[in-house]
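> heads up, no residue letters with this:
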Ligand code: 5RP
């Protein structure tokens, strides 16, 4: 039986809840993360609360009666659960389709394990078919765009303002043969806040929803 993409997202969200034990949970952003929040609500008595990677996630958590903690008020967390736009067998991810990449990377950095929840359409041999989101300080927009062209990309300004008050350039056509190097190179450009490559800190566990069930891949 073939499941819809939404059904697969829901199934993988249900699978991720098995990893929720206690304490504070780091929560990502996007439609898959939203399904996870809805599942988390069913076990909210097991946990103290959550740290949110976006205003939208914080709002949804609160709507379910889950306390949202300031990241600076806590001392790390066991797991961070989030979706991705693309992920490889090396657990390198491309993220930021929802524009929350910077806060996602910050919250993830504070977690022992990054649990990536995806449907199988996100599992790719090489990153970069999905345009790479880069969060940029507004005054640096043109400068950063020119540098991204030098790296072989075609940046496009997204009609969007991030939770941090910045802009997003979606970079098409990049050859991301070495995601760790590309992540570092783009972060070196003055005016870049973060880019959507999550390779220096890859996922630890990938839960991949397929038509044959949710597969668990560990690094
Ligand atoms: C948001 C993200 C999301 O994880 C990514 O865009 C996947 O979203 P979805 O679960 O809606 O497919 O990085 O910034």
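Received the coordinates, thanks. Computed from a predicted model, the values in this text were never measured in an experiment. Numbers count the residues shown, from 1 in each chain.

> Show me which residues of stretch 116-128 are buried.
116, 117, 118, 119, 120, 122, 123, 124, 127, 128 (16 or more other C-beta atoms under 10 Å). (Each C-beta comes from the backbone N, C-alpha and C, glycine too.)

> now do stretch 149-160
The neighbour-count check on stretch 149-160 (16+ other C-beta under 10 Å) flags 153, 155, 158 as buried.

> about what we covered before: possible to save the buried residues of stretch 116-128 as CSV with secondary structure, pLDDT and distance to the ligand?
Output for the buried residues of stretch 116-128, formatted as CSV (DSSP: H, G, I helix; E, B strand; the rest coil; pLDDT from 0 to 100; distance: C-beta to the nearest ligand atom, whole Å):
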residue, secondary structure, pLDDT, distance to the ligand
116, strand, 98, 9
117, strand, 98, 8
118, strand, 97, 8
119, strand, 96, 8
120, helix, 95, 12
122, helix, 97, 7
123, strand, 98, 13
124, coil, 98, 13
127, coil, 98, 13
128, coil, 98, 15
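
> Pull the most distant pair out of those.
117 and 128 (21.3 Å; C-beta to C-beta).

> picking that back up, show me the buried residues of stretch 149-160 that map onto helices.
Applying DSSP state H to these, no entry is found in helices.

> isn't residue 103 right up against residue 54?
Yes - here residue 103 reaches residue 54: they are 5.8 Å apart, a contact under C-beta atoms under 8 Å.

> Now for the two: what residues contact both?
Common contacts of residue 103 and residue 54, defined by C-beta atoms under 8 Å, 6 or more residues apart in numbering, comprise 29, 163.

> all strands for this protein, in order.
Here the chain has its strands, by DSSP state E, at 24-27, 49-52, 77-82, 86-87, 93-94, 111-119, 132-136, 154-157, 167-172, 192-195, 197-198, 205-210, 213-218.

> ok, the buried residues of stretch 149-160 vs the ligand, which is closest?
Nearest to the ligand among those is residue 158, at 11.5 Å by C-beta to the nearest ligand atom.

> Quick check, the closest one in contact with residue 170.
Yes - between residue 158 and residue 170 there is a contact under C-beta under 8 Å: 5.4 Å.

> shared neighbours, the two?
With contacts taken as C-beta under 8 Å, 6+ apart, residue 158 and residue 170 have residue 133 as neighbours in common.

> count of neighbours near residue 105?
When neighbours are counted by other C-beta atoms under 10 Å, residue 105 registers 22.

> Leaving out sequence neighbours, find the closest residue to it.
Among residues not flanking residue 105 along the chain, residue 194 sits closest, at 5.5 Å (C-beta to C-beta, 6 or more residues apart in numbering).

> could the buried residues of stretch 149-160 be laid out in TSV, adding distance to residue 183?
Below are the buried residues of stretch 149-160 laid out as TSV (distance: C-beta to C-beta, whole Å):
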residue	distance to residue 183
153	14
155	16
158	19
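
> Tell me the one among these nearest to residue 187.
Once C-beta to C-beta is applied, the member of the buried residues of stretch 149-160 that ends up nearest residue 187 is residue 153, at 14.4 Å.

> How about the contacts made by that closest one?
Taking C-beta under 8 Å, 6+ apart, we find residue 153 in contact with 132, 171, 172, 173, 174.

> How much space separates it from residue 200?
Distance, residue 153 to residue 200, by C-beta to C-beta, to the nearest Å: 19 Å.
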